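Enquirer: Below is the sequence, then the predicted model.
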Amino acid sequence: MNVHDFYYELPEELIAQDPLEKRSDSRLMVLDREKKTIEHKIFSDVIDYLRPGDCIVINETKVIPARLYGTKQDTGAMIEILLLKNKGGNVWECLTRPGKKMKVGAVVNFGEARPDGSFILSGEVIDVVEEGNRLIRFTYDGIWEEILDSLGEMPLPPYITHKLKDKDRYQTVYAKNAGSAAAPTAGLHFTNELLSAIEEKGIKIARVTLHVGLGTFRPVKVEKLEEHHMHSEFYMIDETAAKIINDTKENGGRVISVGTTSTRVLESVADEDGHIEPGSGWTEIFIYPGYRFKCIDGLITNFHLPESTLIMLVSALYDREHILKAYQTAVEEKYRFFSFGDAMLIL
């Protein structure tokens, strides 16, 4: 299968630049795989398509202010650093710009110099790794999360052209476990009120974590999908979530995944019968047409970039022809696309 099989034309004006005032007011396209139908709803209507005994699976990851701007210690050159993955302790895999200046041993300082010439945060390049990323060991005074909050910026996707007024709008209302370089955007549509109403209807909520990496935005650079190497992302699923999902399956309910990130967690840990074992680790699972889903029965997702691994995953759950037809309909109906855009429910 070829990457160009997943291309579609998207007018630039349909790329959502700002979130709606109310999260659940976004539009919802509902695809019924059995009836081959398309319905146009509002996201809060999603509850009407969920049944008592079903469960939804949400990703509790929290986006960190992962973009830092500092100065190179020896030259004073401006350096941009994007935190990608925590490799243990104070060492992070990072994307650096300009990369050529960041050789092993280079030191970058962040924030204002203190009277003694030291900085609240500094980082030293200790290795150059895959795709030219750098391993940087950070030294700092204080609490890491508080330092990031004061010095870092939210790493919005490249197709969003201006800064976000309220950085909490690039977090889900249930964001809990810090570590993502990007938001699990399907979850941005949920409000606390909608989640409460879902539970009151008898639908369980299973909570997992997958820290979203920058690879989410990287294009597929090979023509044949089979040759694409998926980026790795760290996941966690505890006993409570595993039990909710397993009980749902055993009792005849449906497992509805909120987002491609939750999907990747479940499909990484499920056995051939769809049974989930709790655990944590790194997943490089690449889901594209021909993949047999083991666990999920439905998906809530946003509208994704052409030729991206995300539209390939969605096409694996339904089929490529119907997904591209739905995307064409979304363009004609002027749906809003990508991170702050509208949503799709596939059942």
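Expert: Yep, it's here.

Enquirer: rest of the way, CA atoms for contacts and neighbours
Expert: Noted.

Enquirer: And the longest strand belonging to the chain, what does it pack against?
Expert: Taking DSSP state E as the assignment, the strand of the chain that covers the most residues is strand 78-88. Packing contacts for strand 78-88, counted by 3 or more C-alpha pairs under 8 Å, 6 or more residues apart in numbering; DSSP states H and E, involve strand 67-72, strand 91-97, strand 177-180.

Enquirer: low pLDDT regions in the stretch 151-300 of the chain?
Expert: Residues of the stretch 151-300 of the chain meeting the criterion pLDDT under 70: 215-218.

Enquirer: And the helices in it, which stretches?
Expert: Along the stretch 151-300 of the chain, counting by DSSP state H, counting those that start in this stretch, helices occupy 192-200, 239-250, 259-269.

Enquirer: Tabulate those in CSV, adding columns for distance to R33.
Expert: Listed next are the helices of the stretch 151-300 of the chain as CSV, based on distance: least, C-alpha to C-alpha, whole Å:
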stretch, distance to R33
helix 192-200, 23
helix 239-250, 19
helix 259-269, 18
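
Enquirer: ranking the ones you listed by burial, who's on top?
Expert: Most buried of the helices of the stretch 151-300 of the chain, by mean neighbour count (mean count of other C-alpha atoms under 10 Å): helix 259-269, with a mean of 24.

Enquirer: Spatially nearest residue to H40, not counting backbone neighbours?
Expert: The shortest distance from H40 to any non-neighbouring residue, by C-alpha to C-alpha, 6 or more residues apart in numbering, is to M29 (4.9 Å).

Enquirer: Next, the contact list for the one residue sitting closest to the centre of the chain, please.
Expert: Closest to where the C-alpha atoms of the chain average out (C-alpha atoms, centre = their mean) is P184, at 3.4 Å. The contact partners of P184, taken as C-alpha atoms under 8 Å, 6 or more residues apart in numbering, are N59, T61, T172, V212, G259, T260, T261.

Enquirer: Can you tell me how far it is from T61?
Expert: Relative to T61, P184 is positioned 8 Å away (C-alpha to C-alpha, to the nearest Å).

Enquirer: hmm, back to that, among the helices of the stretch 151-300 of the chain, which comes closest to G298?
Expert: Closest of these to G298 is helix 259-269, at 9.6 Å (criterion: C-alpha to C-alpha).

Enquirer: what angle sits between that closest one and helix 239-250?
Expert: Angle, helix 259-269 to helix 239-250, by axes from the mean of the first three to the mean of the last three C-alpha atoms, to 10 degrees: 90 degrees.

Enquirer: ok, now which ones touch E277?
Expert: Contacts for E277 (C-alpha under 8 Å, 6+ apart) come out as E239, A242, V269, A270.

Enquirer: 7 Å instead?
Expert: Residues near E277 by C-alpha atoms under 7 Å, 6 or more residues apart in numbering: A242, V269, A270.

Enquirer: quick check, nearest of those to G252?
Expert: A242 (15.7 Å).

Enquirer: what sits against that closest one?
Expert: Contacts of A242 by C-alpha under 7 Å, 6+ apart are I276, E277, P278.

Enquirer: from those, which single one is nearest D116?
Expert: Nearest to D116 among the contacts of A242, with distances taken as C-alpha to C-alpha, is P278, at 49.0 Å.

Enquirer: I'd like to know how many residues surround that closest one.
Expert: P278: 15 surrounding residues under other C-alpha atoms under 10 Å.

Enquirer: check which helix or strand covers the residue nearest to H40.
Expert: strand 27-32 (DSSP states H and E).

Enquirer: Kindly report the same for A326.
Expert: Following DSSP H and E, one finds A326 within helix 320-332.

Enquirer: How far off centre is the strand holding M29?
Expert: Taking C-alpha atoms, centre = their mean, to the nearest Å, one finds strand 27-32 lying 20 Å from the centre of the chain it belongs to.

Enquirer: what's the angle between the helix or strand following it and strand 27-32?
Expert: Per DSSP H and E, strand 27-32 leads on to strand 37-42 as the next helix or strand towards the C-terminus. Orientation check (the same axes, to 10 degrees): strand 37-42 against strand 27-32 gives 150 degrees.
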